[in-house]
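Peer 1: sequence plus predicted model, see below.
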Amino acid sequence: MSRKRIVVKIGSSSLTNASGEIDEAKMTDHIQAIAALRKANHEVILVSSGAVAAGFRSLGYTARPVTIKGKQAAAAVGQSLLLQSYYSKLSVYDMVPAQILLTRGDFSNRDRYKNAFSTILELLERGVLPIINENDTVAIDELTFGDNDMLSALVSGFIHADQLIILTDINGIYDANPQKNPDAKRIDHLESVTETMLQNTDHTGSTLGTGGMKSKLEAAKTAMSLGVPVFVGQGTGAHKFFDVLAGKGDGTYLSNQKLGSINTKKQWIGFHSESAGALYVDQGAEEAILYNGRSLLPAGIFKVKGTFSRGDVVEVFGMNGLLGRGEVNYSSNEVKQAIQKRGNMKHTIQPMQEVIHRNRWVEIKQ
């Protein structure tokens with residue numbers, strides 16, 4: 001098997017026992033499987049939940065806290081306990097872990113985004129295991145990624161992974177809730193995740209975690225849009241990840257070969273950057289950028305919304321809604337002037353100069 005870059009996401013329910021403490025047997029099983037991948041020369045990035053679940057009892061809580069301050073305090077205690085357990089067990093296999101705590105701001109800020117990317121690549125080149133988690137302790141919102149399922153999807157696209165493996169306590173995605181419907185059937189393979197599927201899927205997670213199957217579907221949809229195949233399911237033993245890679249995993253595979261990889265710069269534009277404004281284009285411009293691989297020219301723009309500068313990211317709308325996002329070469333004032341002076345653009349934007357070059361454009365599929 002050729003060398004692969006694999007992101008493994010392990011949720012709270014797959015790391016802790018019913019009392020909320022770190023389950024040594026479960027963790028040992030995961031570490032053995034990761035060590036086996038590393039021995040086979042694969043690159044591994046671990047996205048690990050469990051900080052809140054591991055820490056809340058040390059604060060005197062009898063159950064997982066429901067308040068933001070309670071969760072953040074539990075994460076502050078639990079994160080060190082979690083990493084300590086990983087460090088102890090990885091040392092048996094001469095593996096060194098590196099803790100990386102991320103928030104949405106680390107993705108939306110261009111410089112921090114680049115730095116995170118460079119750091120993870122350097123760790124992989126040095127043979128270190130990156131262990132990534134949501135930085136719950138300082139997050140402004142309850143969980144800024146929603147949960148670690150989405151974080152794992154964004155990370156897998158970010159570092160151009162060959163496979164995302166999301167471990168959970170259910171062996172895959174079903175056409176109904178198997179805990180409530182005994183006739184529910186597992187779906188072995190999906191090529192797309194539809195809005196209907198998301199609306200009909202239970203969002204409820206375990207008492208120790210935050211996500212449910214809906215969050216895993218949402219994460220899988222995002223990862224697939226970034227060109228990363230996904231496995232959602234369970235497994236035990238040192239060879240469980242090899243079973244997944246061989247197509248024999250106990251779960252659901254989600255992939256679509258028609259959805260290619262998106263380079264890191266375009267990922268930032270399309271998925272992480274904050275929009276500074278909007279451009280509205282006519283049908284001709286819409287067809288040119290969506291179907292003919294063209295850049296967005298000033299002649300196709302009829303309306304500008306917001307105030308932006310050169311290098312900012314804006315949303316582009318067609319006649320029927322959002323088309324995508326792109327990095328502009330001109331300010332909002334310059335584009336407005338171009339619209340007002342179509343017949344004399346030499347004073348503003350020169351003819352045939354792109355407002356958004358196709359290399360800095362990302363289509364958003366609805």
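Peer 2: On my side now, so go ahead.

Peer 1: sketch out the low-pLDDT regions of the stretch 101-250 of the chain for me.
Peer 2: 136-147, 202-211 (pLDDT under 70).

Peer 1: what helix or strand is residue 316 on?
Peer 2: Using DSSP states H and E, residue 316 maps to strand 313-318.

Peer 1: for stretch 80-98, what is the distance to the chain centroid?
Peer 2: 24 Å (Cα atoms, centre = their mean, to the nearest Å).

Peer 1: domains for the protein, by residue range?
Peer 2: Taking automatic domain parsing as the reference, the chain has its domains at 5-262, 275-363.

Peer 1: mean neighbour count, the ones you listed: which tops it?
Peer 2: Across these, averaging neighbours per residue (mean count of other Cβ atoms under 10 Å) puts domain 5-262 on top, at a mean of 19. Placement of C-beta: from N, CA and C, glycine included.

Peer 1: the strands in the stretch 151-300 of the chain, which residues?
Peer 2: Using DSSP state E, counting those that start in this stretch, the strands of the stretch 151-300 of the chain run over 163-167, 173-174, 186-187, 189-190, 230-234, 250-254, 278-281.

Peer 1: same list (those strands) but as CSV, adding distance to residue 84.
Peer 2: Shown next, in CSV, are the strands of the stretch 151-300 of the chain (distance: least, Cβ to Cβ, whole Å):
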stretch, distance to residue 84
strand 163-167, 21
strand 173-174, 34
strand 186-187, 36
strand 189-190, 38
strand 230-234, 25
strand 250-254, 30
strand 278-281, 48
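
Peer 1: rewinding a little: how about the domains of the chain in TSV, adding distance to residue 268?
Peer 2: TSV is the format used below for those (distance: least, Cβ to Cβ, whole Å):
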stretch	distance to residue 268
domain 5-262	5
domain 275-363	8
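
Peer 1: among those domains, which is nearest residue 269?
Peer 2: Nearest to residue 269, of all the domains of the chain, is domain 275-363, at 5.1 Å by Cβ to Cβ.

Peer 1: now the end-to-end length of the closest one.
Peer 2: In domain 275-363, first residue to last residue: 14 Å (Cα to Cα, to the nearest Å).

Peer 1: for the protein, which residue occupies the most central location?
Peer 2: Against the mean C-alpha coordinate of the chain, by Cα atoms, centre = their mean, the closest residue is residue 154 at 1.9 Å.

Peer 1: now it: how far from residue 225?
Peer 2: 11 Å (Cβ to Cβ, to the nearest Å).

Peer 1: swap in residue 85?
Peer 2: Residue 85 is 34 Å from residue 225, where distance means Cβ to Cβ.

Peer 1: you'd agree residue 330 is up against residue 310?
Peer 2: Yes - using Cβ atoms under 8 Å, residue 330 is in contact with residue 310, at 5.9 Å.

Peer 1: what are the ranges of the helices in this structure?
Peer 2: Assigned helices in the chain, in chain order: 24-39, 51-55, 68-90, 104-108, 110-125, 148-158, 195-199, 213-225, 240-245, 264-267, 283-291, 332-340 (criterion: DSSP state H).

Peer 1: point out where the stretch 251-366 of the chain drops to low pLDDT.
Peer 2: Using pLDDT under 70, the stretch 251-366 of the chain drops low at 343-352, 366.

Peer 1: give me that answer again for 50
Peer 2: Applying pLDDT under 50 to the stretch 251-366 of the chain flags residues 348, 352.

Peer 1: list the contacts of residue 33.
Peer 2: Going by Cβ atoms under 8 Å, 6 or more residues apart in numbering, residue 33 touches 235, 237-241.
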